[in-house]
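Student: Sequence first, then the predicted structure, then my questions.
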Amino acid sequence: MFGGSAAGKDNQMKKKAKEQGEKTNVMRILEQQGIPYTAMTYPHKEGVAVDGVTVAQSLGQDPETVFKTLVTRGASGTYYVFDLPVAEELDLKKAARAVGEKSIAMLPLAQLLPLTGYVRGGCSPVGMKKPFFTTFHETAILYDAIAVSAGKIGVQVLVEPNALCQVVGGQFADIVKE
């Protein structure tokens, strides 16, 4: 996926991003960190979020490799980000254990934009207003690349999971319901 020289990869990334529209903050951050990515777009109605499985199908990707970003709040009041395959459901008890909290709850939708700078369907683990501790589902490391939102509905980035985890200072853990 990311073959070739470093300069060649960089030029390919820039060309691909330009072909698919304006760069997002996520793309800029990945480039600043020297993280290769592939930008992908999918059809959508302006401002309307599409479910993750539909996004994966639109991109021609396995739903196990397309990750959604969920924001939660722990019993301590600390906010946490969890990224998991789009067809899976977050297990709140496993997620709480993964971050050392007694319990966690999903962030109310009305608080998402003010807290993160992202809207539902366009929330990315990269480039939030403030950095929040991020946990990726452990299956992410099984793949050469996973897709996450590029910070805008209709745009995803395909990125190597370990590099992505390093960018956000995160971890991998079992966080989905059986």
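Tutor: Thanks, I have the structure now. Numbering: from 1, shown residues only.

Student: which residue packs closest to the spatially most central residue of the chain, ignoring adjacent ones?
Tutor: By Cα atoms, centre = their mean, the mean C-alpha position of the chain lies nearest to Val148, the distance being 3.4 Å. Nearest-residue entry for Val148: Phe67, 5.2 Å, with adjacent residues in sequence omitted and distances by Cβ to Cβ, 6 or more residues apart in numbering. Backbone N, C-alpha and C define where each C-beta goes, glycine included.

Student: hang on, isn't that neighbour packed against Ala147?
Tutor: Yes. Contact criterion Cβ atoms under 8 Å: Phe67 and Ala147 qualify, at 6.7 Å.

Student: quick one: which of the two has more around it?
Tutor: A direct count of neighbours by other Cβ atoms under 10 Å for Phe67 and Ala147 places Phe67 higher, at 30 against 25.

Student: and that one, that one's in a strand?
Tutor: Yes. Counting by DSSP: H, G, I helix; E, B strand; the rest coil, Phe67 is part of a strand.

Student: And the helices in this structure, which stretches?
Tutor: 6-19, 25-32, 52-59, 92-99, 109-116, 161-168 (DSSP state H).

Student: so Ala71 bridges to which residues?
Tutor: To be clear, residue 71 is Val; Ala isn't right here. Val81 (DSSP bridges).

Student: quick one: it from Glu46, how far?
Tutor: 23 Å (Cβ to Cβ, to the nearest Å).

Student: Comparing the two, which residue is more hemmed in?
Tutor: Val71 (22 against 6).

Student: List the residues that contact the more buried one.
Tutor: By Cβ atoms under 8 Å, 6 or more residues apart in numbering, the contact set of Val71 is 79-82, 106-107, 112, 115-116, 123, 132.

Student: before we move on, the earlier item: doesn't Leu84 make contact with the residue nearest to the centre of the chain?
Tutor: No. Counting by Cβ under 8 Å, Val148 stays clear of Leu84, with 10.6 Å between them.
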